[in-house]
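**Student:** Take a look and give me a structure for this.
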Amino acid sequence: MAAADQFYTFERIHDDTYRIDENGAANCYLVIGSEKAFLIDTCWGAGNLNACVRQLTDKPVTVAVTHRHPDHTGGARQFGAFYAHEKDHTPFNRLLEHPLLNKLAILRSGGKTQKSKKIKVLPMTDGEVFDLGGRRIEVKSVPGHTAGSVMFIDHEAKLLFTGDNVNSHLWMHRPGAVTLEEWMDSARLILNYMEQGYTAHTGHGNGKQSVTNVET
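**Tutor:** All right, here's what the predicted structure looks like:
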């Protein structure tokens, strides 16, 4: 892992693809094409995430999130806009993203609040594709942790970015989560891709996902 600053470290996980770790609290991922870059999730925003991203690319950056929880959307205020699945555009999720709550969470963790831009949330839908130039990222709906949870798929590189939908501390008790039966369908879909040779990366821990922690 290379250090960007006191808050962020990053590692290359594939060609032009990086995992960015925010003090062990959350991961986000930077996928770089020939024309654009794609930032998947933004952690809490405890440091200058934008500056960290700029160490890795000078291309225009599109930001999209696997789901609308503040440990994945907090840093988006440094970029001005982010895409999220339309089913996560709920009053509860907007409350979780309130600037004051985000600031308190950052200060409690020992981070520093950054200058924020007025944030705009843009809708994205199942099957939508982001073209980065020579690299295409598909949005795949995987309801579970939230109704609007998605994974992002790079089919050519066989990479999955699954957010929090399958991890060792999955929360299904918060408002906005779906039934366990619905989540099982999403977990099986992720497992199916992995059994086809796709490598999955999650929103927390070391980012590495194995078939053994996706078995249903």
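
**Student:** Pretty sure Phe38 sits against Val31.
**Tutor:** Yes. Counting by Cβ atoms under 8 Å, Val31 is a contact partner of Phe38 at 4.4 Å. For the C-beta atoms, the positions are set from N, CA and C on the backbone; glycine is no exception.

**Student:** What does the spatially most central residue of the chain show for phi and psi?
**Tutor:** Geometric centre of the chain, nearest residue: Asp41, 2.8 Å, by Cα atoms, centre = their mean. In terms of degrees, to the nearest 10, the main-chain angles of Asp41 are phi 70, psi 160.

**Student:** all numbers from here: first residue = 82
**Tutor:** Shifting the count to begin at 82 puts that one at Asp122.

**Student:** helix/strand/coil for Arg255?
**Tutor:** Three-state call for Arg255 (DSSP: H, G, I helix; E, B strand; the rest coil): coil.

**Student:** any idea how far Leu185 is from it?
**Tutor:** 18 Å (Cβ to Cβ, to the nearest Å).

**Student:** His282 now?
**Tutor:** Taken as Cβ to Cβ, the span from His282 to Leu185 is 29 Å.

**Student:** In terms of helices and strands, where is the closest residue to Gln290 other than its chain neighbours?
**Tutor:** Here the nearest residue to Gln290 in space, its sequence neighbours aside, is Ala281; by Cβ to Cβ, 6 or more residues apart in numbering that works out to 3.8 Å. Using DSSP states H and E, Ala281 maps to strand 280-283.

**Student:** coming back round to it: pick out whichever of His282 and Leu185 has more residues nearby.
**Tutor:** Taking neighbours as other Cβ atoms under 10 Å, His282 and Leu185 compare with His282 leading, 22 against 12.

**Student:** beta partners of that one?
**Tutor:** Phe242, Lys289 (DSSP bridges).
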